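Participant: Next one to model:
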Amino acid sequence: MSHGKIREDKTCQNCGHTVEERFCPHCGQENTETRQPFYFLFTHFIEDFTHYDGQFWGTIKNLLFRPGRLTSIYLAGKRQQFVPPVKLYIFVSFITFFMFALFPLFNLNFNEKEKNPNEKSLFEKIKAAETKEKLDSIKAQKNISKEDSAAIQKLTVIVPDSAKIDDFESALEMNKKIDESTAYEGYKTQKSYDSALAKNPSVFNFIKKPLAHKFFELKEQGVTKGEIFKKLAETSFHNLPKALFLYLPVFAFFLWIFHHKKKWWYFDHGIFTLHYFSFLLLNILLTSFIIKLASVTDIRAINMLLYLLISALIIYSILYFFIAHHRTYHAHGIVSVFIGGILFMINFFAFTFLVIGLALVSFLMMH
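Facilitator: Coordinates of the predicted model:
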């Protein structure tokens with residue numbers, strides 16, 4: 001891999017040793033010209049990470065299509081062939097959330113046409129779906145055949161018609177402000193709520209009181225329900241990378257509990273966790289991209305194919321854990337499935353709890 005023209009001077013600029021070829025045999029620094037064009041900053045970064053010799057692309061290929069192989073090879077001591085786990089996770093995490101920031105999956109601007117007259121709201125996108133259009137067109141016919149009547153019943157079960165969506169949108173009242181008549185657990189002011197809380201203390205007061213104070217603060221600001229939902233979603237999104245990073249040692253801890261302590265160290269479980277979470281982030285990014293593609297495609301056959309692909313990716317993301325767990329820990333098939341199932345459920349509930357906590361923190365951080 002070349003990062004520039006080799007210097008004519010054979011003295012290493014880093015340690016002063018003689019460099020016969022490209023790299024210094026003493027410190028390993030590349031003996032190339034130090035003054036480079038500006039674009040070299042970007043090409044150097046790409047070369048360093050992707051290693052045009054195939055390290056990066058080989059890592060991605062094995063990560064996506066060969067569950068558990070990267071972890072097994074790394075723990076076996078072969079650590080130069082692929083991108084290190086920590087470096088891989090940081091890069092994948094950065095790319096995933098950067099792409100989400102550039103191309104948000106959904107528009108959460110409920111009833112804000114005065115700000116964006118050409119932008120459809122979430123409910124408008126739902127009503128514009130092809131299935132609903134067909135359902136409304138069938139209902140508009142004067143003489144409905146038996147086949148059409150049966151189709152209406154089936155489609156109504158699958159998805160509500162436009163009128164029902166309008167009712168749902170009105171019921172949510174996303175454009176309605178939190179006015180004076182709105183109460184929190186029956187209390188319309190913060191003073192009355194604090195007084196009641198002082199009379200009936202609870203072990204959950206440390207959670208309930210800050211949430212109530214934030215509610216009354218937003219009430220004074222006169223924000224709408226739609227604005228609260230949007231801010232909550234945005235704040236949660238910004239906090240999600242931190243939450244995932246904090247959950248990494250927890251996931252590895254559960255693995256450590258269920259496996260032989262002498263044979264498998266906590267470090268080993270950490271490597272498995274980094275690889276698995278890197279896969280999940282890439283899978284989420286790919287799935288989101290396909291969902292975005294399906295939302296702008298009007299051809300029904302292509303949409304059906306895309307939704308089948310989305311379903312396949314979701315199923316694969318679940319099966320991936322069991323396959324990777326079996327190949328990494330070399331457990332018997334039935335034992336591996338049993339332990340993997342327990343670990344999957346424990347982590348599912350633990351991460352759900354973390355997401356709820358993240359939503360509460362995001363609500364408290366709203367301003």
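
Participant: Which residue ranges make up the domains of the protein?
Facilitator: 1-36, 37-110+224-367, 114-173 (automatic domain parsing).

Participant: Name the spans of the stretch 51-200 of the chain whose pLDDT lies under the cut-off.
Facilitator: The model of the stretch 51-200 of the chain has pLDDT under 70 over residues 51-54, 105-184.

Participant: those helices in the stretch 201-350 of the chain, which residues are they?
Facilitator: Listed in chain order, the helices of the stretch 201-350 of the chain (DSSP state H, counting those that start in this stretch) span 205-221, 225-257, 266-295, 300-329, 333-364.

Participant: Report the buried residues of the shortest one.
Facilitator: Of all the residues in helix 205-221, those buried under the rule 16 or more other C-beta atoms under 10 Å are Lys209, Ala212, Lys214, Phe215, Phe216, Leu218, Lys219. Where C-beta positions appear, they are placed from N, C-alpha and C, glycine not excepted.

Participant: Distance from it to the middle of the chain?
Facilitator: 28 Å (C-alpha atoms, centre = their mean, to the nearest Å).

Participant: elements contacting that helix?
Facilitator: helix 190-199, helix 333-364 (3 or more C-beta pairs under 8 Å, 6 or more residues apart in numbering; DSSP states H and E).

Participant: Contacts for the first one next, please.
Facilitator: Residues from elsewhere that reach helix 190-199, judged by C-beta atoms under 8 Å, 6 or more residues apart in numbering: Tyr184, Glu185, Tyr187, Asn205, Lys208, Lys209, Ala212, His213, Phe216.

Participant: Of those residues, just say which sits nearest to Phe251.
Facilitator: Among the contacts of helix 190-199, Lys208 lies closest to Phe251 (C-beta to C-beta), at 29.7 Å.

Participant: could you give the mean pLDDT of stretch 223-241?
Facilitator: In this model, stretch 223-241 has a mean pLDDT of 73.

Participant: which parts of it are buried?
Facilitator: Result for stretch 223-241 [16+ other C-beta under 10 Å]: buried residues 223-228, 230-232, 235-237, 240.

Participant: what's in contact with stretch 303-320?
Facilitator: Residues contacting stretch 303-320 (C-beta under 8 Å, 6+ apart): 67, 130, 276, 279-280, 283, 286-287, 290-291, 293-294, 297, 344.

Participant: Dump it to CSV, restricted to CA.
Facilitator: Only the C-alpha atoms of stretch 303-320 are listed here, as CSV (Å, rounded to 0.1, in the frame of the first residue of the first chain):
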residue,chain,number,x,y,z
ASN,A,303,-42.3,-2.6,-3.6
MET,A,304,-43.3,-6.2,-2.9
LEU,A,305,-39.8,-7.3,-3.7
LEU,A,306,-38.3,-4.6,-1.4
TYR,A,307,-40.7,-5.5,1.5
LEU,A,308,-39.8,-9.2,1.1
LEU,A,309,-36.1,-8.2,1.3
ILE,A,310,-36.8,-6.1,4.4
SER,A,311,-38.5,-9.1,6.1
ALA,A,312,-35.6,-11.3,5.1
LEU,A,313,-33.1,-8.9,6.7
ILE,A,314,-35.1,-8.8,9.9
ILE,A,315,-35.2,-12.6,10.1
TYR,A,316,-31.5,-12.8,9.2
SER,A,317,-30.6,-10.4,12.0
ILE,A,318,-32.2,-12.7,14.5
LEU,A,319,-30.8,-15.9,13.1
TYR,A,320,-27.3,-14.2,12.9
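
Participant: between the helices and strands packed on helix 205-221, which gets the lowest average pLDDT?
Facilitator: Mean pLDDT, when computed for each of those, is lowest for helix 190-199, at a mean of 82.

Participant: Could you pull out the buried residues of it?
Facilitator: Gln190, Tyr193, Leu197.

Participant: now do stretch 253-265
Facilitator: For stretch 253-265, by 16+ other C-beta under 10 Å, it's Phe254, Leu255, Trp256, Phe258, His259, Trp264.

Participant: How far away from the center of its chain is it?
Facilitator: 27 Å.

Participant: Residues contacting the strand or helix carrying Tyr74 from elsewhere in the structure, which ones?
Facilitator: In this assignment (DSSP states H and E), Tyr74 forms part of helix 69-75. Residues outside helix 69-75 that contact it (C-beta under 8 Å, 6+ apart) are 59, 62-63, 81-82, 85, 268, 271-272, 275, 324, 327-328.

Participant: I'd like those residues written out as JSON lines, with neighbour count and distance to Phe103 added.
Facilitator: Below are those laid out as JSON lines (neighbours: other C-beta atoms under 10 Å; distance: C-beta to C-beta, whole Å):
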{"residue": "Thr59", "neighbour count": "23", "distance to Phe103": "24"}
{"residue": "Asn62", "neighbour count": "18", "distance to Phe103": "27"}
{"residue": "Leu63", "neighbour count": "23", "distance to Phe103": "23"}
{"residue": "Gln81", "neighbour count": "13", "distance to Phe103": "33"}
{"residue": "Phe82", "neighbour count": "23", "distance to Phe103": "29"}
{"residue": "Pro85", "neighbour count": "21", "distance to Phe103": "27"}
{"residue": "Asp268", "neighbour count": "19", "distance to Phe103": "36"}
{"residue": "Ile271", "neighbour count": "20", "distance to Phe103": "31"}
{"residue": "Phe272", "neighbour count": "26", "distance to Phe103": "31"}
{"residue": "His275", "neighbour count": "26", "distance to Phe103": "26"}
{"residue": "Ala324", "neighbour count": "23", "distance to Phe103": "29"}
{"residue": "Arg327", "neighbour count": "16", "distance to Phe103": "34"}
{"residue": "Thr328", "neighbour count": "25", "distance to Phe103": "34"}
